[in-house]
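S.K.: Okay, structure incoming, though there's no sequence with it:
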């Protein structure tokens, strides 16, 4: 069964500090997809990034970067020079490619990490 | 930019009443989902819908729940007889394919009193 663990429940940083959010996943599938979503205080779920299991290249998008390591089943997310607007709950999620029910490919979410950026 | 829309944004209902939560997924998407998030907790999968039928459902999705895609655009979640513990944010999502991201609606906050 697929599982996502976000061990950090809450993190507080001072503005301009860098912060890394950890995500560890479990899956028996060889084809799978990993995601990060942001949930600001307004409540919606905002897609940030998708990674497939065959692409271990790290990605950078502005102040955001992601480190995918299959050897440790981790998909960590780093925010550089954090800003107050980064304050949100961040969810890591996993979708299996083969073992999911046909026509499902449902996402399994971690419990989320609440990030507070203090001015 | 296409988006998933949900109505209403907030619904208050009395215990035992039926509620229907409505969603309009992105038009060319093939996979549709309902998730729920009890306040302060993680996002939990309820049901997936593909090719006009349920493809997978979780243990939460018991006989009180049903989904429909009646007209090719709307995707509804019905709770037949609401319980206090059904109070949560309900998210609708859609995906174009298995290798794509899921786009979520803004959610419907259901409060059962």
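M.R.: Arrived safely, thanks for sending. These numbers come from a predicted model, not from an experiment. Residues are numbered from 1 along each chain as shown, chains lettered A, B, ... in the order given.
S.K.: okay, CA-based contacts and neighbour counts for the rest of this
M.R.: OK.
S.K.: Apart from its chain neighbours, what residue comes closest to residue A:32?
M.R.: Counting by CA to CA, 6 or more residues apart in numbering or on different chains, the nearest residue to residue A:32 once its immediate chain neighbours are dropped is residue A:96, at 4.3 Å.
S.K.: who's in contact with the one you found?
M.R.: When contacts are counted by CA atoms under 8 Å, 6 or more residues apart in numbering or on different chains, residue A:96 is found next to A:2, A:27, A:29, A:31, A:32, A:33, A:105, A:106, A:107.
S.K.: I would like a ChimeraX command selecting only the buried ones among those, please.
M.R.: Command for ChimeraX that selects the buried part of the contacts of residue A:96, burial taken from 16 or more other CA atoms under 10 Å in any protein chain shown:
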select /A:2,27,32,33,105,106,107
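S.K.: will you turn the contacts of residue A:96 into CSV that also has pLDDT and secondary structure?
M.R.: Rendered in CSV, the data for those read as follows (pLDDT from 0 to 100; DSSP: H, G, I helix; E, B strand; the rest coil):
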residue, pLDDT, secondary structure
A:2, 88, coil
A:27, 94, coil
A:29, 89, coil
A:31, 89, coil
A:32, 92, strand
A:33, 92, strand
A:105, 82, coil
A:106, 87, coil
A:107, 92, strand
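S.K.: Let me know the closest of the contacts of residue A:96 to residue A:78.
M.R.: The shortest distance between residue A:78 and any of those, using CA to CA, involves residue A:33 and amounts to 18.7 Å.
S.K.: Can you tell me how far the most centrally placed residue in chain B is from chain A?
M.R.: To find the centre residue of chain B, average its C-alpha atoms and take the closest one (CA atoms, centre = their mean): that gives residue B:34, at 3.2 Å. Residue B:34 sits at a distance of 10 Å from chain A (criterion: CA to the nearest CA, to the nearest Å).
S.K.: Any idea what that residue is bridged to?
M.R.: Per DSSP bridges, residues listed as beta-bridge partners of residue B:34: residue B:47, residue B:92.
S.K.: hang on, it packs against residue B:92?
M.R.: Yes: counting by CA atoms under 8 Å, residue B:34 does reach residue B:92; the two are 4.6 Å apart.
S.K.: Run me through the strand neighbours of the helix or strand of chain A with the lowest mean pLDDT, direction for each.
M.R.: Within chain A, confidence by mean pLDDT, DSSP states H and E is lowest for strand A:59-61 among all helices and strands, at a mean of 87. Paired with strand A:59-61 in the same sheet, following DSSP bridges, are strand A:64-69 (antiparallel).
S.K.: What residues of the partner strand count as buried?
M.R.: For strand A:64-69, using 16+ other CA under 10 Å, the buried residues are A:64, A:65, A:66, A:67, A:68, A:69.
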